[in-house]
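K.L.:
Okay, predicted coordinates and the sequence, questions at the end:
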Amino acid sequence: MTTDDSGEQTEQAEQVYEQLQYQTALFARRAERVRMGGVADQQQSIDRAAYLLLNRLEREGPVGVKALALAMGIDSSTVTRQVAPLVESGLVDRVPNPNDGRAVLLALSEVGLRRLHQVRAGRQALMRELLADWSPEDRERFATLLTRFNQSMRAFNPGIGLEG
């Protein structure tokens, strides 16, 4: 049995938490498959890690590897590994650090900005298609609750980064 918000154990609360854990697991599995299958032009697609890195660079501007790793909630070696193909493909530039001539910063290139906007538009089109038969109120409520859920996960484990 589960204790609900009033402190009482109820079978209904137990069923809600069971449904939430199961539906969250399904969501995590299906989200990437639907997203990858829903992008009209696979050549313009980028993986989740690259998408999140490019978004971060768009918001923050040029940033060092350590600061980017901290913001993303991952280690510097992972950022270095994930950024390498983005630099090779011209989506990210290495630019001199104006405060330290020996160091470099990572910056979103013009090509990267265009690609990010293309991918974002494709993902938004996918969301419009998936939620086409939902009322505007349901879409807004879902966005609000999903944002709140993500904020709860971040509060539970602040080290995961990706605020916002």
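P.N.:
Cool, got the structure.
K.L.:
Now Leu91: closest residue in space, sequence neighbours ignored.
P.N.:
Distance criterion CB to CB, 6 or more residues apart in numbering; nearest residue to Leu91, sequence neighbours excluded, is Gly112 at 3.5 Å. Bear in mind the C-beta positions are built from the backbone N, C-alpha and C, glycine included.
K.L.:
would you list every one of the helices in this structure?
P.N.:
11-38, 48-60, 65-72, 76-88, 110-130, 136-156 (DSSP state H).
K.L.:
What average pLDDT does the fourth one get?
P.N.:
Going back to what we said before, that points to helix 76-88. For helix 76-88, mean pLDDT is 93.
K.L.:
Would you mind listing the buried residues in it?
P.N.:
For helix 76-88, the neighbour count (16 or more other CB atoms under 10 Å) marks 79, 82-83, 86 as buried.
K.L.:
So which elements touch that helix?
P.N.:
Packed against helix 76-88, as judged by 3 or more CB pairs under 8 Å, 6 or more residues apart in numbering; DSSP states H and E, are the following elements: helix 48-60, helix 65-72, strand 92-97.
K.L.:
now swap in the second one and tell me
P.N.:
Packing partners of helix 48-60 (3+ CB pairs under 8 Å, 6+ apart): helix 65-72, helix 76-88, strand 92-97, strand 100-108, helix 110-130.
K.L.:
any chance of those in CSV, plus distance to Pro136?
P.N.:
Shown next, in CSV, are the helices and strands packed on helix 48-60 (distance: least, CB to CB, whole Å):
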stretch, distance to Pro136
helix 65-72, 33
helix 76-88, 36
strand 92-97, 37
strand 100-108, 32
helix 110-130, 12
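K.L.:
Compare those and give me the one nearest Gln151.
P.N.:
helix 65-72 (16.1 Å; CB to CB).
K.L.:
buried stuff in the closest one?
P.N.:
For helix 65-72, the neighbour count (16+ other CB under 10 Å) marks 65, 67-72 as buried.
K.L.:
State the mean pLDDT of stretch 155-162.
P.N.:
On average, the pLDDT along stretch 155-162 is 73.
K.L.:
Would you single out the least confident of the helices of the chain?
P.N.:
Taking the mean pLDDT of the helices of the chain, helix 11-38 comes last: a mean of 82.
K.L.:
Centre of the chain to that helix, how far?
P.N.:
17 Å (CA atoms, centre = their mean, to the nearest Å).
K.L.:
do the same with stretch 84-98
P.N.:
With CA atoms, centre = their mean, you get 20 Å for stretch 84-98.
K.L.:
who touches that stretch?
P.N.:
With contact meaning CB atoms under 8 Å, 6 or more residues apart in numbering, stretch 84-98 is reached by 46, 50, 53-54, 57, 62, 64, 83, 103-109, 111-112, 115-116.
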